[in-house]
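J.: Task: produce atomic coordinates for the following.
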Amino acid sequence: MEQLISLPDIILLGEELTECLRLGHLAKSHQLTITFIDILNQYIIQHSIDNPHLNNILNVMLDAQQRDDRLYYADIIQYELMPYIAQLH
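T.: Below you'll find the model as predicted:
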């Protein structure tokens, strides 16, 4: 049985990821990004979230990651994604 993901789990992982991104800890931030995306995906599926604004935020995150703009990527997670997910529930 798959473990239920809680909002505090996502927030803690997001905080750790944004800190690593801002401090330039590349190897750890890459690992945390994989874990963060996996857990976020599970949360979205478990809560049946299908929202165009959330999709837009995720696309902006992907764009920042592809451009290797770590600071903008961290800002999107902290100031856009986390508050948006928190207000959904």
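
J.: Next secondary structure element downstream of the longest helix seen in the chain?
T.: Across the chain, the longest stretch assigned as helix under DSSP state H is helix 26-46. Downstream of helix 26-46, the first helix or strand assigned by DSSP states H and E is helix 52-66.

J.: Let me know the angle separating that next one from helix 26-46.
T.: 160 degrees (axes from the mean of the first three to the mean of the last three CA atoms, to 10 degrees).

J.: so what secondary structure elements neighbour helix 52-66?
T.: Under the contact definition 3 or more CB pairs under 8 Å, 6 or more residues apart in numbering; DSSP states H and E, helix 52-66 sits against helix 70-75, helix 82-88. Bear in mind the C-beta positions are built from the backbone N, C-alpha and C, glycine included.

J.: looking at those, which is buried most?
T.: Counting by mean count of other CB atoms under 10 Å, helix 70-75 has the highest mean neighbour count of the helices and strands packed on helix 52-66, with a mean of 18.

J.: ok, back up a step: just give me the lowest mean pLDDT stretch among the helices and strands packed on helix 52-66.
T.: Lowest mean pLDDT within the helices and strands packed on helix 52-66: helix 82-88, a mean of 90.

J.: For this protein, give me the ranges with low pLDDT.
T.: The chain contains residues with pLDDT under 70 at 1-2, 89.

J.: Now with 80, please.
T.: Scanning the chain for pLDDT under 80 picks out 1-3, 88-89.

J.: for the helices and strands packed on helix 52-66, which one sits closest to residue 44?
T.: Relative to residue 44, the nearest member of the helices and strands packed on helix 52-66 by CB to CB is helix 82-88, separated by 8.9 Å.

J.: returning to what we had before: buried residues in the longest helix of the chain?
T.: Across helix 26-46, burial judged by 16 or more other CB atoms under 10 Å covers 29, 32, 33, 36, 39, 40, 42, 43, 44.
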